[in-house]
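> model the following, please.
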Amino acid sequence: MKITPLSDHILIEPLKQEEKTKSGIYLPDTAEKEKPEQGKVIAVGPGKKTEDGKIVPLEVKAGDVVLFTKYGPNEIKIEEKDYLIAKEEDILAIIG
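All right, here's what the predicted structure looks like:
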C-alpha cells in the first residue's frame, strides 16, 4: 500500500529503542518503554501552502533520519506495521 502525506505532513517509521539501559540491564518486551523520538522518513507531503497560494517545500526528504517531539506525531498502523504521521513543525532535527 502506498501512502502519500498531504500538505506539510511526514510519514515516519519509528526507530527501535535500545533494549538495554546505560547501566547494562536488558529490558524485557513487557517493560513499559518511552515513546520513540527518532525515526526514518518514509514519505513527505508537497509542502505547506502560504496565504498567497504558493507551496513551500519541506526541509526533510524520504530517507532522512529525524529527531522529533515525543508526543507530537500521530500513531498509525499500516499492514501490521507501526508508523507516525507528523507535521514539519514536530521535526526538531535531521540526524546524520
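> hey, let's count contacts and neighbours off CA atoms from now on
Fine.
> in space, what's closest to Asp82 - neighbours in sequence excluded?
Ile76 (5.9 Å; CA to CA, 6 or more residues apart in numbering).
> same for whatever helix or strand the one you found lives in, what does it pack against?
Assigned by DSSP states H and E, Ile76 falls within strand 74-78. Where contact means 3 or more CA pairs under 8 Å, 6 or more residues apart in numbering; DSSP states H and E, strand 74-78 is packed against strand 81-87.
> near the residue nearest to Asp82, how many other residues are there?
By other CA atoms under 10 Å, the residues close to Ile76 number 12.
> give the contact list for the residue most central in space within the chain.
What sits nearest the mean C-alpha location of the chain, by CA atoms, centre = their mean, is Ile12, with 3.3 Å. Neighbouring residues of Ile12 by CA atoms under 8 Å, 6 or more residues apart in numbering: 39-43, 83-86.
> name the nearest residue to it, sequence neighbours excluded.
Nearest to Ile12 is Val41, by CA to CA, 6+ apart, at 4.5 Å.
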